[in-house]
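In: Next input, structure requested:
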Amino acid sequence: MNIDFKKLDRAFNPKTVAVVGDKGPGYMWLNGQKTFTGKLYSVQVDPREIEGIKALGVENYPSLLAIPEAIDLVIVAVPKQVAYRILEDCIKKDVAAAHFFTSGFTETETDDGIRLEKMMVDRAKEANFLLIGPNCMGLYNPLVGIRQVPRQPVGFKGPVSFISQSGTHAITFSEEAYLQALEVNKSVSFGNGRVLDAADYLEYFAQDASTRAIGMYIEGTRDGQRFLKTLKKVAEQKPVVIWKGGRTEEGARAIASHTGSLALPMAIWEAAMKQCGAIRVNSLEELVDTLNALMFLSPVYGNRVGIAGGSGGQSVAIADVFSENGLKVPALTKESYDKLASFFVLVGSGCKNPIDPGVNRREIKRIMDILEEDANIDNLVLMTSVTSMFRTTEQLERDAAMLIELRQRTQKPVAVVLGYYAPETSKEVNAFARTLRDHGICLFVSPERGARAIRNALLYHGLRTNK
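Out: Below is the predicted model of the structure:
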């Protein structure tokens, strides 16, 4: 099937959306599109639902064909027995694409589900129609306000697009990325992926000028050779970071009942991703942090890290974490130690690497400057906290100003890690992260997350350098 990317672009950037079969009391799909900047329609024939839909201020029609204008995206939430009929209406209406939330197909491994899905797939391919799913949460574009669930943030255009077989992971990625100051550009949850598969979305995002990097959650693929060929081509153009589901025997077994995808041995995936130039991660958090590092850190070319700001115990812990992730926390040069000796009070402090400033905290700018000038250091990390117990707003503002000035005059990557993160400070952390991000500095909410992200950025840039 030849994918019409102009139609797929209409679906991702719709001006008109129709929701078919949404039900109260929650009206998840209609309420989810309240922020949609275009025209929203409903299709519902159940008289018990129509008053509730009218109360939302949404025009309701008895069929797609009755809507008096062209439709870019249809969201289908009908029982599986009705799904084929809605697909036919989408084709007759010349809809750009349809997202089928409807489930109960091959993922159930039932004869009825397999038969119904095959009918839909065959018809969609025959008509060259873009069917997203089934069994998926569909599209998210915060700039135009189309959402997978009502709580997703909107009103911005980020640098990263996300491809996911899991609806939950697609939603959670958008929320976690936003908290970490990494906004989503576009996202798709494609579920069973029987017409449009992962390779199709990779190709689409490769040619999408507003997408600078691509994140993926993938369980399996129906055409492994095509996927890897596409992945290699796309990874040469933009960073691609992949979280592979089903890494264990138990996880692989769970894939069949989730999306009905084909699971391959993890060793094959690992080798293939490396050969293709993609970066593999093992969790949602590592996915977000790695993309953050690739988007906002200076290119990471060395593995030696200079760290300052933590207490004695924190310094030991962060040194262990960075070392365990393949990074080095080396001794500084004699010149650096001589500079530190001119002002550094050793009582209750430590001037090795990591540097525990203790009573020297007011000299943190001089300390970071010394690390920046040190020939043994490739990357700069400040360890701090956003909790009111340890840091005031004024202190954070001073740290931000110091780091921004440092970043403006150095080629070395500059990052911040939090020694302690309290969930109740998430707004303050988010604001701090955004201030730093806008000047090419990444904030990570723990030493572990920072170490993994810097390691992965080093791997990515190393792959580019060695080609």
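In: Tell me where the stretch 301-450 of the chain has strands.
Out: With DSSP state E, counting those that start in this stretch applied, the stretch 301-450 of the chain shows strands at 305-308, 379-385, 414-420, 442-444, listed in chain order.
In: can you check the stretch 151-300 of the chain too?
Out: 160-164, 184-189, 213-218, 240-244, 279-281.
In: for the strands of the stretch 301-450 of the chain, which one sits closest to residue 234?
Out: Taking Cβ to Cβ as the criterion, residue 234 comes closest to strand 442-444 out of the strands of the stretch 301-450 of the chain, the separation being 23.7 Å. For the C-beta atoms, the positions are set from N, CA and C on the backbone; glycine is no exception.
In: Report the secondary structure state of the nearest residue to residue 72 once chain neighbours are set aside.
Out: Counting by Cβ to Cβ, 6 or more residues apart in numbering, residue 72 lies nearest to residue 14, which is 3.6 Å off, once chain neighbours are set aside. Reducing the assignment at residue 14 to three states with DSSP: H, G, I helix; E, B strand; the rest coil gives coil.
In: Tell me the confidence at residue 263?
Out: The per-residue pLDDT reported for residue 263 equals 57.
In: So what's the residue count around the residue nearest to residue 72?
Out: The criterion is other Cβ atoms under 10 Å. On that basis, residue 14 has 26 neighbouring residues.
In: so what's it up against?
Out: For residue 14, the contacting residues are 36, 38, 72-73, 96, 144, 146, taking Cβ atoms under 8 Å, 6 or more residues apart in numbering as the criterion.
In: now the strands of the stretch 151-300 of the chain in a markdown table, with mean neighbour count and mean pLDDT?
Out: Below are the strands of the stretch 151-300 of the chain laid out as a markdown table (neighbours: other Cβ atoms under 10 Å; pLDDT from 0 to 100):
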| stretch | mean neighbour count | mean pLDDT |
| --- | --- | --- |
| strand 160-164 | 28 | 98 |
| strand 184-189 | 27 | 98 |
| strand 213-218 | 24 | 97 |
| strand 240-244 | 23 | 96 |
| strand 279-281 | 21 | 96 |
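In: Which of the ones you listed sits closest to residue 77?
Out: Evaluated with Cβ to Cβ, the strands of the stretch 151-300 of the chain place strand 184-189 nearest to residue 77, the distance being 13.9 Å.
In: Below-threshold pLDDT in the stretch 101-250 of the chain: ranges please.
Out: 246-250 (pLDDT under 70).
In: show me where it has helices.
Out: For the stretch 101-250 of the chain, helices defined by DSSP state H, counting those that start in this stretch occupy the ranges 111-126, 167-179, 198-207, 224-235, 249-258.
In: Make TSV from the strands of the stretch 151-300 of the chain and add distance to residue 121 to it.
Out: As requested, the strands of the stretch 151-300 of the chain are exported to TSV (distance: least, Cβ to Cβ, whole Å):
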stretch	distance to residue 121
strand 160-164	19
strand 184-189	18
strand 213-218	20
strand 240-244	25
strand 279-281	30
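In: Tell me the secondary structure at residue 41.
Out: strand.
In: and it, how many neighbours does it have?
Out: 23.
In: Same check on residue 6?
Out: Residues within reach of residue 6, counting by other Cβ under 10 Å, total 8.
In: Show me what counts as buried in the helix or strand hosting it.
Out: Under the criterion DSSP states H and E, the helix or strand holding residue 6 is helix 5-12. Applying a neighbour-count criterion of 16 or more other Cβ atoms under 10 Å, one finds 7-12 buried in helix 5-12.
In: Please apply the same query to stretch 13-22.
Out: Of all the residues in stretch 13-22, those buried under the rule 16+ other Cβ under 10 Å are 13-14, 16-22.
In: Identify, from these, the entry nearest to residue 382.
Out: When these are compared for distance to residue 382 (Cβ to Cβ), residue 13 wins out at 39.4 Å.
In: Name the residues that touch stretch 322-341?
Out: The set of residues external to stretch 322-341 that reach it, using Cβ under 8 Å, 6+ apart, is 303-307, 318-319, 351-355, 367, 370-371, 373-377, 379, 447, 451-452, 454-455, 458.
In: repeat that with 6 Å
Out: Outside of stretch 322-341, the residues that reach it under the criterion Cβ atoms under 6 Å, 6 or more residues apart in numbering are 303-305, 319, 351, 353, 370, 374-376, 451-452, 455.
In: for stretch 166-179, same thing?
Out: Applying Cβ under 6 Å, 6+ apart, the set of residues contacting stretch 166-179 is 136-137, 148-149, 152-153, 162, 164, 184, 187, 189, 217, 288, 430.
In: From residue 364, how far off is the residue of the chain positioned farthest from its centre?
Out: For the chain, the C-alpha lying farthest from the average C-alpha position belongs to residue 342; by Cα atoms, centre = their mean, that distance is 45.6 Å. According to Cβ to Cβ, to the nearest Å, residue 342 stands 16 Å off from residue 364.
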